[in-house]
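Visitor: have a look at this fold, sequence not included:
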């Protein structure tokens, strides 16, 4: 079964909007695990508009499942944060400073030398590395040259096309996953996946190891409750 890692950034956004510690991020992470999710994802940004760097240190103390930290390694402070906490996985994304949300993957050809360097440093610390890429076979080939353990397929395009033509929407992801498997890369996926489009994606990309879902899952939790929502998402991932 594909693992579900819940991105808890939006819970931190809610906390920060009012100040104080409500919702309590540590309790949220523990509840997410208790409700059946197999991982916790955070994406700290330099402006700390949601997850703060201090949160990462505190979360590391309580998380018992997989801990995945996302961010742009071109910010040395991010690399230092990851090395200090040694999560199960780090996902490298090419976000610009102040970017609202991730909206493209790495150009693994143009940035190959840089990615090799930072991936080597992170893997030497015993951290599994995944890099965020578009569903482009050339980018998959480039990723395989960087030394990364996994790729995370950026699924916004799939989600936007899903209701018009699901088979067409998933086709490039299926091809990218098949090639990645041949190149010994593990396959994660994330961005705009939700309870409606997740099952089809997981069925069509059987090599999928892990999905990271935040915004849609948190929104659904407002209507259905967090425990019920996590169970709904886990059900979509059953083969």
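Guide: On my side now, so go ahead. Keep in mind the model is a prediction, meaning the values are calculated, not measured.
Visitor: how close does residue 175 get to residue 138?
Guide: 11 Å (CB to CB, to the nearest Å). C-beta here means a position set from N, CA and C on the backbone, and glycine is covered the same way.
Visitor: ok, for residue 158, nearest residue in space, not its chain neighbours?
Guide: residue 169 (4.8 Å; CB to CB, 6 or more residues apart in numbering).
Visitor: ugh, typo on my part, it should be residue 107
Guide: Closest to residue 107 by CB to CB, 6+ apart is residue 139, at 7.1 Å.
Visitor: let me see the mean pLDDT of the one helix or strand the one you found maps to.
Guide: Counting by DSSP states H and E, the element that carries residue 139 is helix 137-144. Helix 137-144 shows a mean pLDDT of 98.
Visitor: flag every buried residue along that helix.
Guide: Applying a neighbour-count criterion of 16 or more other CB atoms under 10 Å, the buried positions in helix 137-144 are 139-140, 142-144.
Visitor: quick one, what contacts residue 194?
Guide: By CB atoms under 8 Å, 6 or more residues apart in numbering, the contact set of residue 194 is 159, 213, 216-217, 220.
Visitor: A helix includes it, no?
Guide: No: membership of residue 194 in a helix is not supported by DSSP: H, G, I helix; E, B strand; the rest coil, which gives coil.
Visitor: just checking, residue 53 touches residue 81?
Guide: Yes: judged on CB atoms under 8 Å, residue 53 makes contact with residue 81 at a distance of 5.6 Å.
Visitor: show me the contact partners of stretch 46-53.
Guide: So stretch 46-53 is contacted by 8-10, 12-13, 16, 25, 42-45, 75, 77-78, 81, 97-98 (CB under 8 Å, 6+ apart).
Visitor: buried residues in it, which are they?
Guide: Buried-residue list, stretch 46-53, by 16+ other CB under 10 Å: 50-53.
Visitor: return the distance of that stretch from the chain's centre.
Guide: 17 Å (CA atoms, centre = their mean, to the nearest Å).
Visitor: residues near residue 159, how many?
Guide: 18 (other CB atoms under 10 Å).
Visitor: which residues does the nearest residue to it once chain neighbours are set aside contact?
Guide: In space, and not counting its chain neighbours, residue 159 is closest to residue 192: 3.5 Å by CB to CB, 6+ apart. Neighbour list for residue 192: 155-156, 158-160, 215-216 [criterion: CB under 8 Å, 6+ apart].
Visitor: among the residues you listed, which are in helices?
Guide: Among the contacts of residue 192, DSSP state H puts 156, 158-160, 215-216 in helices.
Visitor: farthest pair in those residues?
Guide: Between any two of those, the greatest separation by CB to CB is 15.4 Å, found for 158 and 215.
Visitor: of those two, who's got more company?
Guide: Taking neighbours as other CB under 10 Å, residue 158 and residue 215 compare with residue 158 leading, 26 against 16.
Visitor: what's across from the spatially most central residue of the chain in the sheet?
Guide: Nearest residue to the geometric centre of the chain (CA atoms, centre = their mean): residue 212, 4.1 Å. Beta bridges link residue 212 to residue 5, residue 190 when assigned by DSSP bridges.
Visitor: wait, doesn't it sit right on residue 153?
Guide: No: Residue 212 lies out of contact with residue 153 (CB under 8 Å); the separation is 10.8 Å.
Visitor: in the protein, what residue spans correspond to strands?
Guide: 3-7, 39-42, 66-71, 89-92, 128-133, 150-154, 186-190, 208-213 (DSSP state E).
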